[in-house]
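Peer 1: Can you look at this prediction? I've put the sequence above it.
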Amino acid sequence: MTTRVAIVGGTGKLGGIIRDVIDADDAFEVAATLSSTSALSELDGADLVVDASTPAVSIEVVRAAVERGINILVGTSGWSAERIALVRPLVDVAGTGAVFIPNFSLGSVLGSALAAAAAPFFPSIEIVEAHRETKVDSPSGTAVRTAELIAAARAEVGPVESPHVDQRARGQQVASVPIHSLRRPGVLARQEVVLSGPGESLTLIHDTVDSALAYAPGIRIALAAARDARGVIVGLDSFLDFRMRVPRPASGRPVEEGGVPGQVARATGV
C-alpha cells in the first residue's frame with residue numbers, strides 16, 4: 001500500500017529534494033506540500049509527516065504530527081539531544097514514531113562515526129562547520145550530533161580539553177566540544193573535526209558538493225525506516241552498519257537554550 005506523505009517545508013531546498021525522492025518511489029506519494037507558514041491542519045489524512053521546515057517551526061510540526069497519531073521524519077536542523085528529550089514522552093504516550101535525522105548524507109554520517117571512534121584517543125577536539133549564508137541556525141544539527149557522539153564515546157575518559165572557553169572567540173560548547181560556525185556564500189556544507197594529542201593531530205573533513213545527489217540515498221533509507229518506526233530514533237547511523245562501535249548519547253536533561261531555537265547556550269552533559 002502506498003504511503004501518503006505530507007512534507008512541511010516542501011517548498012524549500014531540502015523539501016524539494018525530499019519531494020523528488022518520493023516522486024521516484026512507488027511506495028510513497030506526496031499527499032500535501034506545506035510551507036513553513038501553512039496551517040498544520042493540512043497534515044490530516046497523511047500516513048507520514050516529513051519536516052523540512054525551520055528550527056522555530058519544527059517543534060510545532062512534531063507536536064501536531066504526534067497529536068494526530070502520525071509518524072514523523074524530522075530533517076530540520078536545530079534538534080539537540082536535550083530538545084529531543086522533551087518530545088520523547090509525547091511520542092511514547094502516543095505510540096507513534098519520530099525519526100530525527102541531522103544529516104541525510106551517508107558520508108557525513110560516516111564522518112561523525114569516525115570522529116566518535118577516534119575521540120577517546122585525543123584529549124583535544126574541536127569542530128569547524130561551514131554552510132551557506134542563508135542557513136538560519138548555528139551550530140548546525142550535524143555539528144551538534146557529532147559533538148554528542150564524541151562526548152558519549154569519551155564517557156570513560158572524561159570531557160575534551162578546551163582551554164579558555166569563557167572567551168567568545170573560542171566557539172560555542174556542545175557536550176564540552178567547541179564548535180565554530182561559518183556562514184558564507186560559495187559553500188554548501190562542510191565539517192572539519194580536528195582531534196589533537198601530544199605531537200600529532202587528526203583532521204576529518206566532509207564536504208557536500210551536490211546536496212541532491214548526497215542526500216537522496218539517505219532520504220530513501222530514512223523514509224522506509226520512519227514509516228514503521230516506534231518511539232524516538234536519532235541519526236541515520238541508527239539504520240546503518242558501519243562495522244564499528246559508535247557510542248550513542250544519553251537522552252540528557254533539558255537545558256535552557258537562551259531563547260534561540262537550535263542553539264545550546266552552554267556546555268551540555270550526556
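Peer 2: Looks like it came in fine.

Peer 1: Excluding chain neighbours, give the residue nearest to residue 183 in space.
Peer 2: residue 133 (4.9 Å; Cβ to Cβ, 6 or more residues apart in numbering). Using the backbone N, CA and C atoms, a C-beta is placed for each residue, glycine as well.

Peer 1: tell me the contacts of the residue nearest the centre of the chain?
Peer 2: Central residue of the chain (Cα atoms, centre = their mean): residue 102, 1.6 Å from the mean position. Neighbour list for residue 102: 77, 79, 140, 141, 142, 144, 145, 234, 235 [criterion: Cβ atoms under 8 Å, 6 or more residues apart in numbering].

Peer 1: Look up phi and psi at the fifth one.
Peer 2: Dihedral angles phi and psi of residue 142 (degrees, to the nearest 10) take the values phi -70, psi -40.

Peer 1: ditto for the second one
Peer 2: For residue 79, the backbone dihedrals (degrees, to the nearest 10) come out as phi -100, psi 100.

Peer 1: wait, it sits on residue 101?
Peer 2: No: counting by Cβ atoms under 8 Å, residue 101 is not a contact partner of residue 79; they are 9.4 Å apart.

Peer 1: Could you list the low-pLDDT ranges of the stretch 51-200 of the chain?
Peer 2: Counting by pLDDT under 70, not a single residue of the stretch 51-200 of the chain qualifies.

Peer 1: Helices of that one, start to end?
Peer 2: For the stretch 51-200 of the chain, helices defined by DSSP state H, counting those that start in this stretch occupy the ranges 55-67, 81-94, 106-118, 141-153.

Peer 1: Kindly reformat the ones you listed as TSV containing distance to residue 199 and mean neighbour count.
Peer 2: Below are the helices of the stretch 51-200 of the chain laid out as TSV (distance: least, Cβ to Cβ, whole Å; neighbours: other Cβ atoms under 10 Å):
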stretch	distance to residue 199	mean neighbour count
helix 55-67	40	20
helix 81-94	33	17
helix 106-118	16	21
helix 141-153	21	27
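
Peer 1: Am I right that residue 184 is in contact with residue 135?
Peer 2: No: if you go by Cβ under 8 Å, residue 184 and residue 135 don't touch, sitting 10.1 Å apart.

Peer 1: and the longest helix that the chain contains, which residues are buried?
Peer 2: When the chain is scanned for its longest helix (criterion: DSSP state H), the result is helix 211-228. With burial defined by 16 or more other Cβ atoms under 10 Å, the residues of helix 211-228 counted as buried are 214, 215, 216, 218, 219, 220, 221, 222, 223, 225, 226, 227.
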